[in-house]
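**Student:** Generate a structure from the sequence data that follows.
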Amino acid sequence: MDKTKSKQKIVRSVAALGGALLAAASAQGQPLASASSPDGGVKVEISLDGDGRAAYAVTRNGKAILAPSKLGFLLTDAVKIDRRLSVTGQEVRDFDESWTQPWGEWKTIRNRYRELKVHFKETTALARVFTVTFRLYEDGVGFRYEFPEQPNLAQANIADELTEFVFANDGTAWWKPAFLWNREEYLYNKTPLSAVSNADTPITIKLADGTHVALHEAALVDYSGMAVSRTEGTTLRAALHPGAGEPKVQKRGAWTTPWRTLIIANDAAGIYHSHLMLNLNEPNKLGNVSWIKPGKFAGVWWNMIKGEWSWARGPKHGATNENVKRYIDFAAANKIPHLLVEGWNVGWDGDWFGNGYDMDFAQPTEDFDVDMLVAYGKKKGVRLIGHHETGGAASHYEKQFDKAFKFAADHNYMVVKTGYVTDAAQMEREDPDGKKYREWHQGQWMVNHQLRVVETAAKYKIGIDSHEPVKGTGLHRTYPNWVAREGMRGMEYNAWPGKNPPEHEANVVFTRMLEGPMDFTPGILSLKGSDHSNLLSTIAKQLALYVVIYSPVQMVADTPENYAKYPEPMKFIRDVPTDWQDTRVLNAEIGDFVTIARKERDGENWYVGAVGDEQERTVSFKLDFLSPGKNYVAEIYRDGDDADYRTEKRHSIVIESKKLTSADTLTLRLAPGGGFAIRLVAAKGK
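**Tutor:** Numbering: from 1, shown residues only. As a prediction, the model looks like this:
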């Protein structure tokens with residue numbers, strides 16, 4: 001659970017502004033409310049224009065990040081909330097705490113901010129009221145709308161938000177498209193900010209002066225996921241994901257939106273180091289979660305992805321007793337504590353894509369003896385990971401919740417991997433009256449469905465690894481059993497035509513990874529996909545991914561036969577942990593390369609991983625993150641001098657050892673499509 005030490009201080013409270021004062025301030029163009037982060041760097045100012053439209057602006061160190069950006073809502077059945085607003089008061093308070101993650105990239109996180117609450121009221125007969133709460137951090141700002149219960153807004157039927165993000169200058173943006181058929185699974189575009197169309201968040205921007213900004217949201221609960229649409233120039237506007245009905249969001253009584261977030265930093269490393277997303281979420285609601293044990297897992301999976309085995313029953317069925325026992329033996333021999341098995345249950349036969357109505361998550365197939373396999377795994381120290389593929393039949397899944405998770409708990413599963421393989425806007429929803437609808441993966445109903453999955457799983461002490469998920473918004477702080485999710489093009493795309501390009505992972509670190517842990521499924525040491533096609537990677541890069549792409553449950557995704565061919569690189573996969581005390585981005589350029597160092601949880605050893613793009617380059621980094629005065633043995637796995645993802649030398653690797661200290665600097669080559677991985681073992685004593 002979160003262990004926190006905190007202090008709060010109310011800085012000031014300002015009563016309702018009189019009409020004369022308001023008019024004078026508006027006439028002079030002065031902000032009606034403002035506050036700065038505790039260090040004074042990030043500042044927000046609130047203003048009203050002549051029509052009573054509210055706007056906020058953000059600066060950092062005196063430089064404009066967002067020019068005045070409008071606030072408001074469109075409603076489907078009432079006048080929009082936009083014009084004729086007045087500011088009726090404001091409060092400012094300071095907050096400072098430190099809290100401990102049960103698992104994560106950092107063990108201890110500081111949550112220090114200044115909060116500004118600005119109260120608005122319409123000057124019309126409707127007189128609707130709301131508050132916008134800003135939390136200002138040294139590395140950015142989050143804000144949300146808060147509506148009290150009120151007679152003229154007893155139910156809010158929201159068509160969309162009018163929330164704007166008017167960037168003061170153009171820049172380079174890394175973004176993936178929103179509202180297309182393949183959900184969140186698209187490659188990232190690199191364009192001028194002024195050329196963005198509809199984009200999912202996070203969207204990351206490098207402004208002309210080098211300032212980096214990541215736009216996203218935090219604490220997405222009972223609301224629709226936010227994308228952004230460019231309206232003109234460098235103005236982005238919130239664009240909520242649709243639902244099955246006319247309103248995109250329905251709220252009753254008192255309600256809040258998710259936090260709209262801007263992480264602001266000098267460079268790419270600063271963006272990744274931010275804890276703003278986690279800090280804007282509520283503390284752990286589950287209590288003691290010591291039953292969650294981070295670790296790696298093997299999988300009866302890659303052969304299905306390549307098309308050599310099938311999820312369905314028949315001669316190619318992968319989830320057979322024989323295959324699973326062999327994979328358990330492999331996992332045990334390599335100290336891998338878990339084994340994912342897909343296709344183990346009834347329901348995969350026939351057309352299940354987008355049509356998962358036959359899925360039964362407590363009924364194994366006749367060639368999968370679950371009791372025997374669980375007992376066999378227990379003797380070997382290996383637990384199974386269940387797989388619940390819904391085929392988009394979300395309501396059908398909900399009808400089985402308790403049965404499905406009781407089955408998982410009874411068979412000693414720690415994690416269940418869920419799946420929602422169907423096109424966007426094709427999620428099945430069935431209401432209690434029997435009426436059926438089609439929902440979007442990121443719509444309000446599916447946001448609530450995914451949380452119901454996590455809450456039900458927690459009752460049975462089961463973790464959730466969501467695929468085809470709602471995007472991550474830091475909720476793994478509140479629900480630590482939400483251990484990972486997909487939500488991006490992972491390794492599976494490298495099995496198929498149209499593979500991920502070499503730059504993909506260097507994009508993902510500073511975009512998708514800002515959401516939280518990703519089940520990327522790394523470690524394909526064979527570098528072979530379907531039809532013996534080649535991955536666009538060196539073997540050293542596959543090792544580096546275990547450090548670069550974070551997840552507390554990290555897959556060892558290739559087959560036992562392929563790992564047997566590469567015993568020396570396999571040693572790094574066996575050694576690398578999945579839970580960390582500290583994380584440092586040592587150098588990076590988005591989409592080009594990144595080097596990350598991580599210190600193991602409750603230990604002294606460090607691990608370093610670096611990945612590049614299609615260009616050959618040399619990277620240097622200091623080892624000043626190591627403990628001063630302590631000696632380390634570096635086990636280095638680097639691209640061979642002739643390694644190149646475009647040739648048959650993609651497997652060329654050099655494995656060497658060096659004695660190093662915190663005073664040293666390392667310089668290593670990144671081959672085209674390459675990477676390197678390092679294990680730094682602390683010597684005993686000094």
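
**Student:** Would you mind giving the secondary structure of the closest residue to Ala682 other than its chain neighbours?
**Tutor:** Distances taken as C-beta to C-beta, 6 or more residues apart in numbering place Glu604 nearest to Ala682, at 3.8 Å, with adjacent residues excluded. For the C-beta atoms, the positions are set from N, CA and C on the backbone; glycine is no exception. Counting by DSSP: H, G, I helix; E, B strand; the rest coil, the backbone at Glu604 sits in coil.

**Student:** Quick check, Glu604 in contact with Leu680.
**Tutor:** No: the criterion here is C-beta atoms under 8 Å, and Glu604 misses it with Leu680 at 9.1 Å.

**Student:** ok, these two, which is more surrounded?
**Tutor:** Legend: neighbour count by other C-beta atoms under 10 Å for Glu604 and Leu680, higher for Leu680 (22 against 16).

**Student:** Let me know the helix or strand that the more buried one is in.
**Tutor:** Using DSSP states H and E, Leu680 falls within strand 675-682.

**Student:** tell me the phi and psi of the spatially most central residue of the chain?
**Tutor:** For the chain, the residue sitting closest to the mean C-alpha position, by C-alpha atoms, centre = their mean, is Glu515 at 2.6 Å. The phi/psi pair for Glu515 (degrees, to the nearest 10) reads phi -70, psi -30.

**Student:** Do you have the helices of the protein handy? List them.
**Tutor:** Secondary structure of the chain (DSSP state H): helices located at 19-27, 268-273, 276-279, 302-305, 321-333, 370-380, 394-398, 401-410, 444-459, 504-508, 539-548, 560-564, 567-575.

**Student:** Need the contact partners of the second one.
**Tutor:** Contacts of helix 268-273 from elsewhere in the structure, counted by C-beta atoms under 8 Å, 6 or more residues apart in numbering, are 139, 204, 206, 212-214, 263, 265, 509-510, 513-514, 583-590, 594.

**Student:** Would you show me how to pick out the buried ones of those residues in PyMOL?
**Tutor:** Here is the PyMOL command that selects the buried residues among the contacts of helix 268-273 (16 or more other C-beta atoms under 10 Å):
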select buried, resi 139+204+206+212+213+214+263+265+509+510+513+514+583+584+585+586+587+588+590+594
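
**Student:** which stretches of the stretch 1-150 of the chain form strands?
**Tutor:** Applying DSSP state E, counting those that start in this stretch to the stretch 1-150 of the chain gives strands spanning 4-14, 33-36, 42-48, 54-60, 63-70, 73-75, 85-100, 108-122, 129-137, 140-147.

**Student:** List the residues that contact Gln101.
**Tutor:** Gln101 touches 2, 107-109, 278, 477, 480, counting by C-beta under 8 Å, 6+ apart.

**Student:** hmm, which two among the residues you listed are most spread apart?
**Tutor:** Thr108 and Pro480 (15.2 Å; C-beta to C-beta).

**Student:** the more surrounded of the two?
**Tutor:** Comparing Thr108 with Pro480 by other C-beta under 10 Å, the one with more neighbours is Pro480, at 24 against 12.

**Student:** which residues touch the residue nearest to Pro68 when sequence neighbours are not counted?
**Tutor:** Distances taken as C-beta to C-beta, 6+ apart place Ala55 nearest to Pro68, at 3.9 Å, with adjacent residues excluded. Going by C-beta under 8 Å, 6+ apart, Ala55 touches 46-49, 68-71, 164.

**Student:** Just send these back as TSV, with distance to Ala156, neighbour count and pLDDT too.
**Tutor:** Formatted as TSV, the contacts of Ala55 follow (distance: C-beta to C-beta, whole Å; neighbours: other C-beta atoms under 10 Å; pLDDT from 0 to 100):
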residue	distance to Ala156	neighbour count	pLDDT
Ile46	22	22	98
Ser47	25	19	98
Leu48	22	21	98
Asp49	24	14	97
Pro68	25	20	98
Ser69	21	20	98
Lys70	18	18	98
Leu71	15	23	98
Glu164	20	21	98
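
**Student:** Please convert those to JSON lines, extending it with distance to Gln426.
**Tutor:** Output for these, formatted as JSON lines (distance: C-beta to C-beta, whole Å):
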{"residue": "Ile46", "distance to Gln426": "41"}
{"residue": "Ser47", "distance to Gln426": "43"}
{"residue": "Leu48", "distance to Gln426": "43"}
{"residue": "Asp49", "distance to Gln426": "42"}
{"residue": "Pro68", "distance to Gln426": "39"}
{"residue": "Ser69", "distance to Gln426": "34"}
{"residue": "Lys70", "distance to Gln426": "33"}
{"residue": "Leu71", "distance to Gln426": "33"}
{"residue": "Glu164", "distance to Gln426": "31"}
